[in-house]
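Enquirer: Attaching a predicted model along with its sequence, questions to come.
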Amino acid sequence: MAKSSEKPKFSLRLLIDEEKNRVVLAEAGKDFVDVLCSLLTLPMGTIVRLLEKHQNPQSAIVGCFHNLYKSVSDMDVDNFQTQACKNLLLHPRSAKASHGRKLKLNIDDTEATKFFVCPNFVSTEACRKLYSHVSTTKCCCGSSMTHEIPVEEDQADGVLLSCRTSFVITDDLKVALNSMGLVMNVLNDLGYSGFDKLQEMLIDVGFEEILTLLGCLFTSEAPLTDTFLRKHCMSRKRKMLTPLVQESSVAGVAETPLTLKVYVRKSDRAVLYAECREEFVDFLFTFLAIPLEFAWELSIDNVKMGCVGNLCRSVKDLSFEKQKEATVSKCMLPYYYNGRAQPLDVVIQESPEYECLVSRYGHSMLSKKINKTVLSNGEILAKFTSVSASIGLVKEETNFIVSDDLVVTPMNSSSTISLLSKLQMNIGDIEEQVISIGKAEATSLLRASLITTSALTNGLSSFLSKMDPDEATQATPKIQKSDKPNEAWQLL
Ligand SMILES: [Zn+2]
């Protein structure tokens, strides 16, 4: 790729065991560790998109997320509220997006969010109230909001490490402040009494290597070895895990329960398909906007997802050292990921307000707060709020089919007959159940979709009713074969 050769490179000092072909540890500066930390802030949909460009698209690295992403991309735009809703899922925005652009190497190629206002806003008061992220929004005066206006970036600090030091990184991505004692401990733990069997290697790390490392985060127990010595992130076969959430471990009933009709194979309790409405699809699709660190955290942190956990814990410890107090952070999503129901512990941000200084000569950029107490003659301080975002991402009143591996299809463009005939199984072996998705089910589903390719089965099987299949309540009213057979019998 010509583009990647222009990107900056870092040097990384590796200590390797040539005989065993493995990285024992790495020593890196702040810039590299910042990039490593920034991988955790990428929305899951961005990770899928980057990995598919980088890897063989057939290799699904992140559980069912590739199918989820492809479902959005394959689905006709008519099934979304707006084209913008579809774009926001294919190119998810994170609440921390502006940090990436300050990094020495930013692998997230998502464009900055754009702001548009009405072109008449300087002259007309009614036109300087609302901003939009798409230029097709209509202003109250009838014009489209086509005037793109620059916006001041947040100066917040977030994940970036402020401390100018160097770091030690183990092969399984535990990151800590460099010290001789630490290096000795790592060597000791790995059974090395000295440096006699080890070699130092100084390598260049660029865009391609960071992408390989991103894939290895999910698939490997030794990402540095796999990235820099084996140069592949799928070198080990992963075994698919079966996550089980104890129903008691996550308390509480969702305020807005989502319901799902699932079709279960009686013989092995596999969930073959689910039928659902737009609420559930909104919920599933917002998985793509959740940043990696929160995807890991929300799915209850003992989930074994490659080395993501090690890196998340390290970043927390490092920022703890920086701030000297524990930070309780919640998963925040920008206001436009306002689905119809969100049983996970996710906070939807309020849409921000902006100020703008307008005079007959022109205008300033949008800013959260303009520090100007006295306005010059003819200057106006305009306040802009966002045009109200639509509730929900996909169209209302729509039925969808979701497969076990999270391929989502609108009912109107899929054939239940062909799905059923493709299964080639005895209809008597399929049972129908209705399940409500509260916090526990949602958490289990997120976890299963991250680490397995059977999200519905692994995520929901522990919540299915254990009833004798014959006694299971039938969720679908049966089509009456002949009306009132009982009455006919009574007449005899
Ligand atoms: Zn206008």
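Expert: Looks like it came in fine.
Enquirer: In the stretch 151-300 of the chain, which residue sits nearest the ion?
Expert: residue 151 (19.0 Å; C-beta to the ion). Placement of C-beta: from N, CA and C, glycine included.
Enquirer: For that residue, report the pLDDT, please.
Expert: Per-residue confidence at residue 151 stands at 89 (pLDDT).
Enquirer: Please enumerate the strands of the stretch 201-350 of the chain.
Expert: Along the stretch 201-350 of the chain, the segments classed as strands by DSSP state E, counting those that start in this stretch run 258-265, 270-277, 331-333, 346-348.
Enquirer: Verify the assumption that residue 120 is located in a strand.
Expert: No - applying DSSP: H, G, I helix; E, B strand; the rest coil, one finds residue 120 to be coil, outside a strand.
Enquirer: one step back: my guess is the residue of the stretch 151-300 of the chain closest to the ion meets residue 356, correct?
Expert: No - the pair residue 151 and residue 356 does not pass the contact test of C-beta atoms under 8 Å, sitting 9.5 Å apart.
Enquirer: More neighbours: these two, which one.
Expert: The neighbour comparison of residue 151 against residue 356 (other C-beta atoms under 10 Å) goes to residue 356, with 23 against 20.
Enquirer: The helix or strand hosting that one - contacts with which helices or strands?
Expert: Residue 356 belongs to strand 354-359 when assigned by DSSP states H and E. Under the contact definition 3 or more C-beta pairs under 8 Å, 6 or more residues apart in numbering; DSSP states H and E, strand 354-359 sits against strand 380-386.
Enquirer: Which helix or strand lies directly C-terminal to the strand it packs on?
Expert: That would be, after strand 380-386 and using DSSP H and E, strand 399-403.
Enquirer: Can you give the contact residues for whatever helix or strand comes next after that following strand?
Expert: The helix or strand immediately downstream of strand 399-403 is strand 408-410, counting by DSSP H and E. Strand 408-410 has contacts (C-beta atoms under 8 Å, 6 or more residues apart in numbering) with 68, 71-72, 75-76, 79, 281, 284-285, 398-402.
Enquirer: in the strand holding residue 356, what counts as buried?
Expert: 354-358 (16 or more other C-beta atoms under 10 Å).
Enquirer: And residue 449, what's its pLDDT?
Expert: Value for residue 449, per-residue pLDDT: 93.
Enquirer: picking that back up, between residue 151 and residue 356, what contacts are shared?
Expert: Common neighbours of residue 151 and residue 356 (C-beta under 8 Å, 6+ apart) are 365-367.
Enquirer: Closest one of those to the ion?
Expert: residue 366 (16.3 Å).
Enquirer: Bridged to that closest one, which residues?
Expert: residue 151 (DSSP bridges).
Enquirer: Can you give me every residue that contacts it?
Expert: 115, 131, 149-152, 354-356, 384.
Enquirer: Try it again at 10 Å.
Expert: Contacts for residue 366 (C-beta atoms under 10 Å, 6 or more residues apart in numbering) come out as 115, 117, 131, 149-152, 352-356, 382, 384.
Enquirer: from the shared contacts of residue 151 and residue 356, which are also near the ion?
Expert: Taking C-beta under 5 Å from the ion as the test, the ion is in contact with none of the shared contacts of residue 151 and residue 356.
Enquirer: If we only consider the residues you listed, which is nearest to residue 437?
Expert: Nearest to residue 437 among the shared contacts of residue 151 and residue 356 is residue 366, at 38.2 Å by C-beta to C-beta.
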